[in-house]
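Q: Turn this into a model:
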Amino acid sequence: MNIEWNEQEIAALTNKVKALRASMSSVIVGQHEVIESLLICLLAGGHALVEGVPGLGKTLLVKSLAQATDMQFRRVQFTPDLMPSDIVGTEILEEDTATRKREFRFQQGPVFTQVLLADEINRAPPKTQSALLEAMQERAVTFAGQTHELPRPFFVLATQNPIEQAGTYPLPEAQLDRFLLRIDVGYPSEDEEIAMVSNTTHGALQDAPAAMDVAALLRLQALVRDIEIGEHLLRYATRLVRATRPAETSVDAVKKHVGWGAGPRAGQALVLASKARALMHGRLAVTRDDIAAMLLPVLAHRVLRNFEAEADGVAMADILAHLLDRIKPA
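A: Predicted structure coming up:
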C-alpha cells in the first residue's frame, strides 16, 4: 500500500460503505445490483453510462446518491439544440459600476458540480457530447485559454434510452471508453414494482439519509487504489482484455462474433472496478470472482459485436461467458 492505513480507519470506512448502500436501498426499491455497480463506479473514481427505459428511477438513483454522500447534484436534459456552452459555461461581459470598467467573467455551467446526471446524452449533437466527455476525462474545463478545475469528487452518470433511436447521435467508441462501467437497469420484479408504486403514492418521497461526507468518500477512493491485487490476477485481467481482440485471440466466440476488441484502458478499468468491488465486500485484496463479476459492465460498451453476432442475436454476455470459460488465471 502507498498510504499508511490503520485498522481502525479501514474498519470505519468500510462501515460507511455499508451505511451508504443501506441509505440508498431505503429509497430505491430493489435494483440491488444496479446500486452496487453505481457505488463501485463511485469508489473507483470513474463515470457510469446507464441504459434503461424511462420510468425506472434513474434520476432518483443519482439524486439519492448525492444526498447520501452530501455532494452537490445537478441534472441536465440533453437535447438536439444543447450547445457546449450550456454545459461547461461561457464568458459574460460585466461592468464595474464604480469605475465603469468592463471585463469578461467566466460563468460556470452545470458541469461545475460533484454529481452530474446527463440525461439522454445521445440526444445532444457530437460537439456538445465531446465538451462533456472532455471535462470528464480532464476533470477541468478550458475556456478562452484558461483552465477551470472541476470540484472533487466529480462523478457523471449519463443515461441512454435503448428503445428510442430516432433523432439520436450514438456515442463513438472513443468516447464510450471514457465511462468506467456500463450499467443496465432492467424492470423490477412484480413485488418490487408493487412496493415502488405504493411508496411513491403515499405521502411525500423521503430523502436518502446521509451516510458519509465528501472527506470520507475521498479517503475511500484513495483506499481503493491501495487494495491489493496479485501479480497473477493482474496478468489474468490483462489477458481477458487482450483476448477480446479478434486478431490475437484464441477464443472462437470472439473470432466469430466480435468486430473490435477493447483497448488498454479497459484493463485499467477492470482492475480498478475489481478493487472497488473487493472493498465493497469488505476485503482488502482482489479475487478472481471480483474480476469475473466486473467483466461485463467494464467491457459491454468497449467491445463491438460484428454484423453476424447482431443478426444471430448473440449477446455480449454470451461472448464474455465463453471468454471466461476459455481464459484461466496462470
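
Q: Let me see the confidence value for Ala208.
A: On pLDDT, Ala208 comes in at 79.

Q: thought it was touching Ala68?
A: Yes. With contact defined as CB atoms under 8 Å, Ala208 counts as touching Ala68 (4.3 Å). Glycine gets a C-beta too; all of them are placed from N, C-alpha and C.

Q: Now the common contact residues for the two.
A: Residues touching both Ala208 and Ala68 by CB atoms under 8 Å, 6 or more residues apart in numbering: 23-24.

Q: Assumed Glu91 was part of a strand.
A: Yes. Counting by DSSP: H, G, I helix; E, B strand; the rest coil, one finds Glu91 located in a strand.

Q: Spit out the contact partners of the closest residue to it other than its chain neighbours.
A: Excluding the flanking residues, the one nearest Glu91 by CB to CB, 6 or more residues apart in numbering is Phe104, at 4.4 Å. Applying CB under 8 Å, 6+ apart to Phe104 gives the contacts 91-94, 144.

Q: likewise Asp312?
A: His257.

Q: how close does it get to Asn306?
A: For Asp312, the distance to Asn306 (CB to CB, to the nearest Å) stands at 10 Å.

Q: mind showing which ranges of the stretch 201-330 of the chain have poor pLDDT?
A: 203-204 (pLDDT under 70).

Q: Centroid-nearest residue for this protein?
A: Ala48 (1.6 Å; CA atoms, centre = their mean).

Q: what's it in contact with, if anything?
A: Here Ala48 is in contact with 37-38, 41, 155-158, 179-183 (CB under 8 Å, 6+ apart).

Q: Try it again at 10 Å.
A: When contacts are counted by CB atoms under 10 Å, 6 or more residues apart in numbering, Ala48 touches 34, 37-38, 40-42, 62, 155-159, 179-183, 297.

Q: Name the next helix or strand downstream of the longest helix along the chain, please.
A: If you go by DSSP state H, the chain has its longest helix at helix 7-25. Next helix or strand after helix 7-25 toward the C-terminus (DSSP states H and E): helix 32-44.

Q: so how far is Ser26 from Ile194?
A: Ile194 is 17 Å from Ser26, by CB to CB.

Q: okay, the two: which has more neighbours?
A: Under the neighbour definition other CB atoms under 10 Å, Ile194 and Ser26 were set side by side, and Ser26 has more, 15 against 12.

Q: Is the more buried one in contact with Pro209, as I believe?
A: Yes. The criterion here is CB atoms under 10 Å, and Ser26 meets it with Pro209 at 6.8 Å.

Q: Need the residues touching each of these two.
A: 64, 68.

Q: ok now do Leu171, which residues does it touch?
A: 49, 121-122, 126, 129-130, 133, 158, 160, 177-179, 301.

Q: CA atoms only for the helix or strand where Leu279 lies, dumped as PDB, please.
A: In the assignment (DSSP H and E), Leu279 maps to helix 264-280. This file holds the C-alpha atoms of helix 264-280, laid out as PDB (Å, rounded to 0.1, in the frame of the first residue of the first chain):
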ATOM      1  CA  PRO A 264      -5.600  -0.900 -22.800                       C
ATOM      2  CA  ARG A 265      -7.900   1.500 -20.900                       C
ATOM      3  CA  ALA A 266     -10.300  -1.400 -20.400                       C
ATOM      4  CA  GLY A 267      -7.600  -3.300 -18.400                       C
ATOM      5  CA  GLN A 268      -7.200  -0.300 -16.100                       C
ATOM      6  CA  ALA A 269     -11.000  -0.100 -15.700                       C
ATOM      7  CA  LEU A 270     -11.300  -3.800 -15.000                       C
ATOM      8  CA  VAL A 271      -8.600  -3.700 -12.300                       C
ATOM      9  CA  LEU A 272      -9.900  -0.600 -10.600                       C
ATOM     10  CA  ALA A 273     -13.500  -1.800 -10.600                       C
ATOM     11  CA  SER A 274     -12.400  -5.200  -9.200                       C
ATOM     12  CA  LYS A 275     -10.600  -3.400  -6.400                       C
ATOM     13  CA  ALA A 276     -13.700  -1.300  -5.600                       C
ATOM     14  CA  ARG A 277     -15.800  -4.400  -5.600                       C
ATOM     15  CA  ALA A 278     -13.400  -6.100  -3.200                       C
ATOM     16  CA  LEU A 279     -13.700  -3.200  -0.800                       C
ATOM     17  CA  MET A 280     -17.500  -3.200  -1.200                       C
END
